[in-house]
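got a sequence here, can you build the structure:
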Amino acid sequence: MNSDNGTRRKVCKLQHVNNTVSFDPETLTEIQGMFSKIRTYVKPSAGEWCVPDPNATLRHSAEEHHGLQVLKASLNEVKNQLSDKNVQVWHQHTNSTNRAGKAIAAVRSAANAEICTQAWCKFYEILGTFNLLPEEALQNGELNTVHLCEAPGAFITALNHYIKTSETTRYCDWSWAANTLNPYHEANGGSTTIFDDRLVANTLPWWFFGSDNTGNIMIQKHLLELQAFVANMRRVDVVTADGSFDCQEKPDEQEALVASLHYCEVTAALLLLSPGGSFVLKMFTLYEHSSICLLYLLTCCFHSVNVFKPATSKSGNSEVYVVCLNYDGKETVRPLLSKLIRNYGPHLADREALFPNSLVPESFLKQHEEVCSYFHTLQVETITENLRLSDEMSTQQRQHLDYIRDCTAQQYLQRFQVSFLPRSRWISRNTVSPACCSVSSGRPQGQKKQTGSFNERRELQTMSWRERIKRGCHATWVQTHFTGALGTGCVLKGPLSGCHVDSWYVIVGAALPAVRNSAFCDGGLLNHLNEALLDTAVDWTHAPPCDSCHVVSTASILSDVAGLCIFTADSDGNRKHRQCLVFGGCSVWDACESQLGDLVFTFSPEPSAPPRGCITLHDGDPLYQQQLLGCVAFAVQTLNSGDALLLPVFSAFTRVTAAVVLCLHACFRSITFRCPPPSGIVGTVLVCVGFCPEAAARLRPVLTDVHNCMGQLLRGEEDSGKNLPSGHHSQILQFVPMEELLTGGLTEFLRTMNSEIIQQKLHLLMQS
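Just a heads-up that it's a prediction; the model follows:
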């Protein structure tokens, strides 16, 4: 084994450290050790490490390796001591003991880095530790990179920072493409999807989400589509893969849970990379047979394979980065690569082992066990120290830790020559996208936050959805009774100018099986609602009203509309009548009169609520969306200047329904909503007043085209049969670009309205 592969840059060597801060020898040794957690596989000179015969692959069962399983059991035994620790308290404690814990703040202060997260610092450390960017690319002045499972995009922004502040790369012509689970696809679940869209929203043309719009890289078709997506790159120099799942509920099986994802990421890298290229793969523990096979394959395909634990990766976790340099090229691995592509998918590692144990040389296994033992020791020492310090930490120990943390942060800046980058040179300031940097403000960033201890969270999963709500952060709000109609103070002022209708386009993808996330509401609330609706003991279609809540009357809404309308006079001084188009019959609205003052009501059938079998589709049901769009198309064709519209909407979680509201925003002087709705009306009522025919004229053909397209898709499903797998179904997922849906006041309006809708539904369900 070799602990220093010789590939680290001169800037990382000890003699580079300038005299800004002088360290005592003991401190210097400790800090140097933090930045030197590397193990490199050394190939035997005889050339016995070679790509196995494809005919012998994916045919045998996985095998356990006794020595590695001993390490796994030992590590899990130490981790088990954390099961009763409150995760927030424990994280706060480990943050305070993390030697590199101040590095991120130091970088933010010194560098003005874009999306300066822990991931940013880790990748910047990798860039400064290895010759990751191929010499050929730097000499040619052209660099092309592909980033898998990349949200929120810190690897990309770190690379941008590195290129633009380094003397050797600052004039390099850099192109990039990225993939991630689409944070805007409503069927992507919260445990796997990163919703921090600060970079994504501003650079959407550079992101690959596949033909079904999910962004799932573990779909075979998407792998081949991704290859076509980056085909304009003359060569691919670097591929990074930072993927993982939320494994906090099964931390002892993290390696097995992410194995298939790692196989897919490696297959993608081997397919995309050009000869001489580099690959960075995030992994965790390396004890299972699947990891052995994967690491062996990489050592057969690259000149140098290194397992690296960045100083800025918390030393108590299992995370490591496999840094592979100088790819031999596809020709070396082509037959096996073809077989990997044929078997590509989410269960690639769950079937047969990639290689039988007999095809993995003993010399490799010996080195691999040494790698695992080295990182096992580091992790166990850290957890043990943190446990000890959590019980008792002296003032002297605290002072020493703080001193080390300060020195480490300073050393990080010096070692990696972190320089200031003006905001004007950030990626999100160099795009053609009209979305601003703050488009995602207000949306929860990243994964859901864990609370309580592991044992408490496991106990919580056995409880009913009602109990989980009562113990959660939304408990008081959900159980609060309505004292009046909500929405009166939430107003969208229009008509919205600047709609780029000519650049709108339709995205058709796999039909939504459920709405699991939304860019337009709180994910935790939506999860609560979906859990409640799946309770077979609850009839959500006939939830009785709450006796303690204020009852909104149809008369009050009709009166509100009359009060909001502006009535003008003709040349004789007589006030002109205004029309209010109301979706829902007279009986539903309890309207005895067809006129209120100078406001004349016209009633029309409202969109049907999604069927009982689609309860977690909400407003994502294709038939409901078609009817809703049909109502809006009818309204903009029949209303006259100054007229009003009352439109019940089931919710506005999806991009399609959000776009419908944006279209109304473009056509009316103001929009508000009324929630809870009056008895008998299904959905919150949108109150739109001050119709503007000029603004609506440009929208009419778009609405008609999208409505017709929806009809064709629905008819096509009927013709082809509805018993096909859900992946064969398709529906319109979007027809207004996300950049437009995320700008202006629309996003805040929708989040407010959707929150009230969820609160009202949960409130009634909690009473029933």
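
so Q81 is in contact with R388, correct?
No - between Q81 and R388 there is no contact under Cβ atoms under 8 Å: 10.9 Å. The way it works is simple: take the backbone N, C-alpha and C, and place the C-beta from them, glycine included.

if I look at R415, how far off is L127?
12 Å (Cβ to Cβ, to the nearest Å).

low-confidence stretches in the stretch 401-550 of the chain?
429-460, 540-542 (pLDDT under 70).

at 50 instead, please
Residues of the stretch 401-550 of the chain that meet the criterion pLDDT under 50 lie in 431-442, 444-448.

residue boundaries of the helices in it?
454-460, 465-471, 475-478, 523-533 (DSSP state H, counting those that start in this stretch).

send me the next helix or strand after the last one as CSV with only the CA atoms.
This means helix 523-533. With elements assigned by DSSP states H and E, the helix or strand that comes after helix 523-533 is helix 554-564. Taking Å, rounded to 0.1, in the frame of the first residue of the first chain, the C-alpha atoms of helix 554-564 are listed here in CSV:
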residue,chain,number,x,y,z
THR,A,554,-70.9,31.6,-1.0
ALA,A,555,-72.7,34.9,-0.5
SER,A,556,-69.7,36.4,1.1
ILE,A,557,-67.4,35.4,-1.8
LEU,A,558,-69.9,36.7,-4.4
SER,A,559,-70.1,39.9,-2.4
ASP,A,560,-66.3,40.2,-2.2
VAL,A,561,-66.1,39.9,-6.0
ALA,A,562,-68.6,42.7,-6.5
GLY,A,563,-66.7,44.9,-4.1
LEU,A,564,-63.4,44.2,-5.9
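
which parts of helix 554-564 are buried?
Using 16 or more other Cβ atoms under 10 Å as the test for burial, helix 554-564 gives 554, 557-558, 560-562, 564.

okay if I get those as a markdown table plus pLDDT and distance to T377?
Shown next, in a markdown table, are the buried residues of helix 554-564 (pLDDT from 0 to 100; distance: Cβ to Cβ, whole Å):
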| residue | pLDDT | distance to T377 |
| --- | --- | --- |
| T554 | 88 | 71 |
| I557 | 91 | 68 |
| L558 | 91 | 74 |
| D560 | 91 | 69 |
| V561 | 92 | 71 |
| A562 | 91 | 76 |
| L564 | 88 | 70 |
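
closest to P544 out of these?
T554 (18.9 Å; Cβ to Cβ).

gap between the closest one and S679?
8 Å.

what's the answer for K330, then?
K330 is 66 Å from S679, by Cβ to Cβ.

what's the answer for P545, then?
Taking Cβ to Cβ, one finds P545 at 7 Å from S679.

cool, R468 as well?
R468 sits at a distance of 29 Å from S679 (criterion: Cβ to Cβ).

ok, these two, which is more surrounded?
Using other Cβ atoms under 10 Å, the more surrounded residue of R468 and S679 is R468, with 16 against 12.

want to throw the buried residues of helix 554-564 into a markdown table with distance to W589?
Converted to a markdown table, the buried residues of helix 554-564 look like this (distance: Cβ to Cβ, whole Å):
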| residue | distance to W589 |
| --- | --- |
| T554 | 5 |
| I557 | 8 |
| L558 | 7 |
| D560 | 13 |
| V561 | 11 |
| A562 | 14 |
| L564 | 17 |
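
just the helices in the stretch 51-200 of the chain please.
Using DSSP H, counting those that start in this stretch, helices in the stretch 51-200 of the chain cover 66-79, 87-97, 103-111, 118-129, 135-140, 154-165.

so which bits of stretch 596-606 are buried?
For stretch 596-606, the neighbour count (16+ other Cβ under 10 Å) marks 596, 599, 601, 603, 606 as buried.

which intervals of this protein have sub-threshold pLDDT?
3-20, 431-442, 444-448, 718-728.

centroid residue for it?
I194 (2.2 Å; Cα atoms, centre = their mean).

that residue reaches N182, doesn't it?
No - judged on Cβ under 8 Å, I194 makes no contact with N182 at a distance of 10.4 Å.

how close does I615 get to S651?
Distance of I615 to S651, given as Cβ to Cβ: 12 Å.

give me the more crowded residue out of the two.
S651 (24 against 19).

helix, strand or coil for the more buried one?
Following DSSP: H, G, I helix; E, B strand; the rest coil, the label given to S651 is coil.

buried residues in stretch 101-118?
Buried residues in stretch 101-118, counted by 16+ other Cβ under 10 Å: 101-104, 106-107, 111-118.

identify the farthest-apart pair in these.
Pairwise distances across the buried residues of stretch 101-118 (Cβ to Cβ) peak at 21.2 Å, for the pair G101 and E114.

and the nearest residue to V280 once chain neighbours are set aside, what element?
Nearest residue to V280 in three dimensions, chain neighbours excluded: T240, at 4.5 Å (Cβ to Cβ, 6 or more residues apart in numbering). Applying DSSP H and E as the criterion places T240 in strand 238-241.
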